[in-house]
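K.L.:
quick one: sequence plus predicted model below, questions after.
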Amino acid sequence: MTRSDTDIQILLVDDRPENLLALEAILSPLGHTLVRAGSGREALKALLDHDFAVILLDVQLPGMDGYETAALIRSRERSQSTPILFLTAVNTSQHHVFRGYEVGAVDYLLKPIEPAILLSKVSVFVDLYRKALQIRQQAAQLARTIRELEREIEQRQLTEDALQEAQSELERRVRVRTADLSAANEALRREIEVRERAEQELSAALLREQAARERAEKAVRTRDDFLAVASHELKTPLTAIYGNVEILHRRLTADEETSGRNRRSLQVVLHQVLRLSRMVEMLLDSSRIQNGLLTIEIAPFDLAKMTRRVVLEVEPMLERHQINLVIAEEDLITRGDELRMEQVLYNLVNNAIKYSPNGGTVTVRAERRDGAVTVAVADQGIGIPEHDLPHIFERFYRAESAEVSQIAGMGIGLYVVQQVVVLHGGRIEVSSASWEGSTFTITLPAEALAPPALQEEALGQAQPATPVKVDRV
Ligand code: ADP
């Protein structure tokens, strides 16, 4: 900031007003503010409130002279470097001049004052003052700038500290997170190890299981092969034995001389050979089913007639059981392999008797139901536990109970029965509970358009109205 000319003040000290006037007249063209002082005291007073670019000081002042005044001006801090121009008479001695310099004068002007010299000197001091002012202002500005810079540095330091702190916090978190991650990683690695071990154990167990299964399958194949061969080999001699025993039975029965004991023995032999033949036949059927070779010969037949035949055949052999035959009035014509269905029904009746060790009644019921024909065999025997029910039609399955283990059986009868029924397009169902008896029901499609001849035949042999009880012979 530059100061205007009027801001610059010049102190004029002289006890003579005319001198002051003269000075003012010379200096006024400079345009500065000229302050008058009529004595050293007044000059000092003016210096209390103002800064001057230069002081024009008359040496010969009354009271406090110019030297004393100059000395006091210099002693004050505010004015100690304000330039003082002594105004003195031409005849001033060297001694006075030195004294003046000693107390702080910077120059002397001799009276009478030469205006040009005064102007020139004052201008130099004003210039110096201006420059000093400017330097002070620049210094102040510099100090402000420094302060601002310091503040900025401080601010930056604070920011840097905050950043540093944030960075440390971040690093701490990263360390914690890294530790967490490596712990998790370690846990994962252990888990993977455990799993790998478990997988190895599992695959070893799978291999063992596979080997065991292969062995079991091989054993099953060997068994099946053996059963197929054995039953096949047994069938021929058995057929021959059965045929001959039957002839013998017929012959000896006709012979009146045959004793009752012999007849009964022959009857037992015949019955057991028949049983054996059926078992072998069953084994052969099982093998045939396994190999997809079981065939049936389809033809219309009367289920009611067939049922009656089976019951009549079984009935004479019963000792501790009763058998009830319940047959619908109408004929029950269906299509299928009559001999195989007979074998099926025989099996069910035989089981009903076999699994009723305490005796009781076996009821065989043949009827028409919902457009189909059914034959059901119900007993009052040991029944079948619920958990065995889903399995009893599986090959070689036998219920796991003490009662069953005491009853002879191979576990293939129901398997063959179900397969034959399914081949006929029918189904077999069982309802049973332990010690509440069992009921096996076979359902076959009814033959809608049976040939008239067969219908006649079926009708011709129709039995009395149901229920029919066939008494023991
Ligand atoms: P087997 O009688 O030769 O054992 P089956 O295939 O005929 O074989 O029967 C399979 C199993 O079903 C039998 O072992 C027995 O546990 C059970 N079972 C079959 N019929 C009856 C029934 N009427 N009463 C109780 N359990 C039966």
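P.N.:
Good, I have the coordinates.
K.L.:
use CA for all of it now, contacts and neighbours both
P.N.:
Fine.
K.L.:
name the residues of stretch 260-272 that come out as buried.
P.N.:
L266, Q267, V269, L270, H271 (16 or more other C-alpha atoms under 10 Å).
K.L.:
could these be laid out in TSV, adding distance to the ligand, secondary structure and pLDDT?
P.N.:
Output for the buried residues of stretch 260-272, formatted as TSV (distance: C-alpha to the nearest ligand atom, whole Å; DSSP: H, G, I helix; E, B strand; the rest coil; pLDDT from 0 to 100):
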residue	distance to the ligand	secondary structure	pLDDT
L266	25	helix	89
Q267	23	helix	87
V269	21	helix	92
L270	21	helix	90
H271	18	helix	86
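K.L.:
and the two most separated of these?
P.N.:
Spatially, the most separated pair among the buried residues of stretch 260-272 is L266 and H271, at 8.4 Å (C-alpha to C-alpha).
K.L.:
find the residues that touch each one of those two.
P.N.:
When C-alpha atoms under 8 Å, 6 or more residues apart in numbering defines a contact, no residue borders L266 and H271 alike.
K.L.:
show me the protein divided up by domain.
P.N.:
6-113, 133-291, 295-469 (automatic domain parsing).
K.L.:
pLDDT on the longest helix along the chain, on average?
P.N.:
As assigned by DSSP state H, the longest helix anywhere in the chain is helix 115-254. Here helix 115-254 scores 93 as its mean pLDDT.
K.L.:
identify the residue nearest the geometric centre of the protein.
P.N.:
L188 (15.9 Å; C-alpha atoms, centre = their mean).
K.L.:
number of residues surrounding the closest residue to R99 other than its chain neighbours?
P.N.:
Of all residues not flanking R99 in the chain, Y67 sits nearest, at 7.5 Å (C-alpha to C-alpha, 6 or more residues apart in numbering). By the criterion of other C-alpha atoms under 10 Å, Y67 has 24 neighbours.
K.L.:
for Y67, give me its contacts.
P.N.:
V59, R99, G100, V103.
K.L.:
the residues you listed in helices, which ones?
P.N.:
Reading helices off the contacts of Y67 with DSSP H, I get R99, G100.
K.L.:
neighbour count, pLDDT and distance to I298 for the contacts of Y67 - can I get that in JSON lines?
P.N.:
Below are the contacts of Y67 laid out as JSON lines (neighbours: other C-alpha atoms under 10 Å; pLDDT from 0 to 100; distance: C-alpha to C-alpha, whole Å):
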{"residue": "V59", "neighbour count": "25", "pLDDT": "89", "distance to I298": "164"}
{"residue": "R99", "neighbour count": "13", "pLDDT": "77", "distance to I298": "163"}
{"residue": "G100", "neighbour count": "23", "pLDDT": "76", "distance to I298": "161"}
{"residue": "V103", "neighbour count": "19", "pLDDT": "76", "distance to I298": "158"}
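K.L.:
closest one of the contacts of Y67 to the ligand?
P.N.:
Closest approach to the ligand among the contacts of Y67 (C-alpha to the nearest ligand atom): V103, at 145.3 Å.
K.L.:
wait, G336 touches I298, no?
P.N.:
Yes. If you go by C-alpha atoms under 8 Å, G336 and I298 touch, sitting 4.2 Å apart.
K.L.:
neighbour count for those two, which is higher?
P.N.:
G336 (24 against 12).
K.L.:
any idea how far the ligand is from the more buried one?
P.N.:
Note on G336: its distance to the ligand, by C-alpha to the nearest ligand atom, to the nearest Å, is 22 Å.
K.L.:
pop out the phi and psi values for that residue.
P.N.:
Here is the backbone geometry of G336 (degrees, to the nearest 10): phi 170, psi -170.
K.L.:
that older thread, check the residue nearest to R99 and give its pLDDT.
P.N.:
Value listed for Y67 in the pLDDT field: 89.
K.L.:
that one: which element?
P.N.:
Using DSSP states H and E, Y67 sits in helix 66-75.
K.L.:
E329 now?
P.N.:
With DSSP H and E as the test, E329 turns up in no helix or strand.
K.L.:
check what pLDDT it gets.
P.N.:
pLDDT, E329: 80.
K.L.:
what do you get for R3?
P.N.:
So, for R3, pLDDT stands at 55.
K.L.:
rewinding a little: any idea how far W435 is from the residue nearest to R99?
P.N.:
151 Å (C-alpha to C-alpha, to the nearest Å).
K.L.:
can you check L444 too?
P.N.:
On the measure of C-alpha to C-alpha, L444 and W435 end up 28 Å apart.
K.L.:
same list (the domains of the chain) but as JSON lines, adding distance to K121.
P.N.:
As requested, the domains of the chain are exported to JSON lines (distance: least, C-alpha to C-alpha, whole Å):
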{"stretch": "domain 6-113", "distance to K121": "9"}
{"stretch": "domain 133-291", "distance to K121": "18"}
{"stretch": "domain 295-469", "distance to K121": "135"}
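K.L.:
of those domains, which is nearest D127?
P.N.:
domain 6-113 (8.5 Å).
K.L.:
from the chain's centroid, how far away is that closest one?
P.N.:
100 Å (C-alpha atoms, centre = their mean, to the nearest Å).
K.L.:
now do the same contact list for the residue of the stretch 101-250 of the chain found nearest the ligand.
P.N.:
Proximity of the stretch 101-250 of the chain to the ligand (C-alpha to the nearest ligand atom) peaks at L227, 14.7 Å away. Each residue near L227 by C-alpha under 8 Å, 6+ apart is listed here: L283, L284, S287.
K.L.:
going by distance to E154, which of the residues you listed wins?
P.N.:
S287 (102.2 Å).
K.L.:
T374: which element?
P.N.:
Going by DSSP H and E, T374 is in strand 372-378.
K.L.:
what residues are up against E256?
P.N.:
E256 neighbours (C-alpha under 8 Å, 6+ apart): none.
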